[in-house]
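**Q** Structure for this input, please:
(one chain, ligands or ions: 1)
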Amino acid sequence: MQFIDLKTQQSRIRDRIEANIRAVLDHGQYVMGPEIAELERRLAEAAGIRHATACASGTDALLMILMARGIGPGDAVFTTPFTFIATAEVIRLLGAVPVFVDIDPATFNIDPDQLDAAVSGFDPEAAGLTPRAVIPVDLFGLPADYDAVTAVARRHGLFVLEDAAQSFGAAYRGRNAGALGDAAATSFFPAKPLGGYGDGGMCFTDDDALAEALVSIRVHGMGADKYDNVRIGINGRMDTLQAAVLLAKFEIFPEELTRRRAVADRYAEALEGVVVPRVPEGYRSAWAQYSILAETGRHRKAIQDCLAAAGIPFAVYYPIPLHRQTAFRSLGYQEGDFPVTEDCAARILSLPMHPYLEPADQDRIIGAVNGTKC
Ligand SMILES: *Cc1c(COP(=O)(O)O)cnc(C)c1O
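**A** Numbers count the residues shown, from 1 in each chain. Below is the predicted model of the structure:
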C-alpha cells in the first residue's frame, strides 16, 4: 500500500503523457514553449480568474507575489504557524517578518477572530514594522474562511495572498481555490492534488498590474526591452516539459477530485475514536491529505504502531509548528504561544489519501485506526 499512489494514475494516462512530452521534444522550445501558455489558460479558466502565471514551484509563486507587492524589510505579514515551512520562509527571505496567528481546531486553518485580535493589537511603532499582508493557507486542501479573513484584511488595508499549494480544485462559497484572495499561489509538487513530475507552481490574480509584474519578476525583472530589466526578479520559469505533463494530468483531474471525495466520505463514515476532518457547509476540499486527530499523543502513538505493524504508511503534518522551528528562533516565540496549533501538532495524523485507494486497502486502514485489527 502507498501513501500516495502515482503509478496507477500514470498507467491510466501514460500514452497522453508520452505524446505531450514527444511534442515538446519535436518543437524543441524547452523554455517558455507553447504548453506554458496553454496550461496558464486552462488553469485560469478552471479557477475562474483572469491571470495565471506559471512558475518553477509553489514557493516561487508565493515569493514572486510578495515581490510584486514590494514586501520587504520593515514589513509584517500575518500567517499561520501550522503549515509547511515555505509559507513563512518566503516572508523572511524578503527581509519581512512573519507574525503568526493561531488556527481554528475544526479546520486547521487561520482563525479569523484571532487574526482580527492580532492585527488590531499590533503596535507598528513598538514593532518597527508596517502590517502589509496576510497569507491564509488552505491546509490539507480545505480553504480558509476567506469572507472573514478578507473582512479583517480590508479593515486594516492588508493584501490577502491565498496559499493554495494544497487546495487547487477546492471551492469556497461558490468560488474556486486560486480565486479566494487578492492573489493566490499553488504548487504542482508530485504529492499535491494536481502534481507534476518534478517542481512547478502557478500564481493567480485578477489584478492586471500585479499579473504584469509577475511575468516580469519570473524572468529576472525583464521589461519591454529584453536587455533593460526594470526591477529585480528571479529565474522562476516553469519548464515546458513540466507543463506538458500537467496538461495530460489535468484532463483527469476533475474525476480524481471526485474519487478523493469518495475516499474521504468512506473514512468519515467508518473511523471511530478519532476526530475526522469536517468540511463546513459551502466548502469543498481538494483532499490533499486526510488528517485525523487522536485523543492524545499517546493514542496517536498507539495508532501509528498499529498502522506500522500492518505495513500501512502514514505521516504527521506537521510535527513542529513554525514558531517552534530553529530557523525562526530569532522571532522570539515560546512554547505555549499558539496552544491550538501545538495541541493539533501533538495529536494529528495523516492517513493514505489518493484517488486510487482500493476499498479493501481502506478497510485495513480503518481497522488499524479503530484498533479492531491490531
Ligand atoms: C507544498 C507547499 C508549498 C510549497 O510548494 P513547492 O512547490 O513545494 O515549492 C507552500 N505552501 C504549502 C502549504 C505547501 O503545502
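**Q** Show me the strands in this structure, by range?
**A** Assigned by DSSP state E, the strands in the chain fall at 51-55, 75-79, 97-100, 130-135, 159-163, 171-172, 175-176, 183-187, 201-205, 283-284, 290-293, 348-351.
**Q** Out of those strands, which gets nearest to Glu335?
**A** Glu335 lies closest to strand 97-100 among these, at 13.0 Å (CB to CB). C-beta here means a position set from N, CA and C on the backbone, and glycine is covered the same way.
**Q** gap between that closest one and the chain center?
**A** Centroid separation for strand 97-100 versus its chain: 18 Å, with CA atoms, centre = their mean, to the nearest Å.
**Q** one step back: any chance of the strands of the chain in TSV with mean neighbour count, mean pLDDT and distance to Ala37 as columns?
**A** Listed next are the strands of the chain as TSV, based on neighbours: other CB atoms under 10 Å; pLDDT from 0 to 100; distance: least, CB to CB, whole Å:
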stretch	mean neighbour count	mean pLDDT	distance to Ala37
strand 51-55	26	98	8
strand 75-79	24	98	31
strand 97-100	21	98	34
strand 130-135	23	98	27
strand 159-163	26	98	23
strand 171-172	22	98	25
strand 175-176	18	98	20
strand 183-187	31	98	17
strand 201-205	29	98	12
strand 283-284	18	98	28
strand 290-293	22	98	35
strand 348-351	22	98	35
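**Q** out of those strands, nearest to Asn370?
**A** Nearest to Asn370, of all the strands of the chain, is strand 290-293, at 11.0 Å by CB to CB.
**Q** The closest one near the ligand at all?
**A** No - shown here: strand 290-293 not in contact with the ligand (CB under 6 Å from any ligand atom), separated by at least 12.5 Å.
**Q** And that strand, what does it pack against?
**A** Judged by 3 or more CB pairs under 8 Å, 6 or more residues apart in numbering; DSSP states H and E, strand 290-293 is in contact with helix 253-270, strand 348-351.
**Q** Swap in 7 Å and give it another go.
**A** Applying 3 or more CB pairs under 7 Å, 6 or more residues apart in numbering; DSSP states H and E, one finds that strand 290-293 contacts strand 348-351.
**Q** can you tell me if the strand it packs on touches the ligand.
**A** No - shown here: strand 348-351 not in contact with the ligand (CB under 6 Å from any ligand atom), separated by at least 12.1 Å.
**Q** residue in the stretch 51-200 of the chain nearest to the ligand?
**A** Gly58 (2.5 Å; CB to the nearest ligand atom).
**Q** for the strands of the chain, which one sits closest to Ala310?
**A** strand 348-351 (12.1 Å).
**Q** how distant is the closest one from the center of its chain?
**A** When C-alpha coordinates are averaged (CA atoms, centre = their mean), strand 348-351 and its chain have centres 17 Å apart.
**Q** What is that strand packed up against?
**A** strand 290-293, helix 297-309.
**Q** mind checking pLDDT for Leu158?
**A** Predicted confidence (pLDDT) for Leu158: 98.
**Q** Next: the one 10 residues further on.
**A** We note a pLDDT of 98 for Phe168 in this prediction.
**Q** what about it, neighbour count?
**A** Residues near Phe168, counting by other CB atoms under 10 Å, number 30.
**Q** same deal with Pro73?
**A** Count around Pro73 with other CB under 10 Å applied: 9.
**Q** Check the gap between it and Arg132 for me.
**A** Relative to Arg132, Pro73 is positioned 11 Å away (criterion: CB to CB, to the nearest Å).
**Q** Noted, bye for now.
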